[in-house]
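[1] What shape does this take:
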Amino acid sequence: MRKFLIATHGAFAKGINSSLDMIIGQTDHVFLIQAYLDEQITVEDELAAVLTHVNTNDELVIFTDLLGGSVNNIMMREALRQNVHIVSGFNLPLVIEIILGDADTPVIEVIESALASAKEQMVYVNKLITQQQND
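    Numbering: from 1, shown residues only. Alright, predicted model coming up:
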């Protein structure tokens, strides 16, 4: 089974999950880590709690907000585990495409395809409008 973890600084993960629920409906097997909201709870503790729901037959796709950020660095420790994949610097279209990806397609192919599509979603709209007006 493919499972997903959205791990971010602060409440960004909850916001992304709220948008996911609105756009694609409530999704199963999506876990959240909202790092540093409670000083008494470490990111490592939150990760350990999530990992109790992931068995060796599962694939886990971890989304982190900042490459090289503390949350990403903690998640990278899990990248050495079989079937764990980390995608950093995500946007909403990327998360949607990966979550809705065909479960029969290898996860690496789903991620690579979604990355290409997500990059196309990042557009300077003013420039696009100006180009359309000039055409």
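[2] quick one: the strands in the chain?
    2-9, 30-35, 59-64, 84-88 (DSSP state E).
[3] Select, out of these, the one closest to residue 52.
    Evaluated with CB to CB, the strands of the chain place strand 30-35 nearest to residue 52, the distance being 10.3 Å. C-beta: built from backbone N, CA, C; applies to glycine.
[4] Tell me which strands the closest one pairs with, and in which orientation.
    Within its sheet, strand 30-35 is paired with strand 2-9 (parallel), according to DSSP bridges.
[5] Quick one: work out the angle between the partner strand and strand 84-88.
    Angle, strand 2-9 to strand 84-88, by axes from the mean of the first three to the mean of the last three CA atoms, to 10 degrees: 40 degrees.
[6] Would you mind writing the CA trace of strand 2-9 as CSV?
    Taking Å, rounded to 0.1, in the frame of the first residue of the first chain, the C-alpha atoms of strand 2-9 are listed here in CSV:
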residue,chain,number,x,y,z
ARG,A,2,1.2,3.5,-0.8
LYS,A,3,1.1,5.9,2.1
PHE,A,4,2.0,9.6,2.3
LEU,A,5,3.5,12.0,4.8
ILE,A,6,3.4,15.7,4.5
ALA,A,7,6.0,17.1,6.8
THR,A,8,6.5,20.9,7.0
HIS,A,9,7.5,23.7,9.3
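[7] Could you shift the numbering so residue one becomes 4, and keep it that way?
    Fine by me, first position is 4 from now on; the one you just mentioned is strand 5-12.
[8] Other residues contacting it?
    Strand 5-12 is contacted from outside by 16, 19-20, 30, 32-39, 46, 50, 53, 56-57, 61-69, 72-75, 78, 98, 101-102, 104, 106, 110, using CB atoms under 8 Å, 6 or more residues apart in numbering.
[9] What of stretch 114-134?
    So stretch 114-134 is contacted by 64, 88, 90, 93-94, 96-97, 100-101, 104 (CB under 8 Å, 6+ apart).
[10] on that earlier part again, Produce a PyMOL select command limited to the buried residues of the contacts of strand 5-12.
    The following PyMOL line selects those of the contacts of strand 5-12 that are buried, judged by 16 or more other CB atoms under 10 Å:
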select buried, resi 16+19+20+33+34+35+36+37+38+46+50+53+57+62+63+64+65+66+67+68+72+74+75+78+98+101+102+104+110
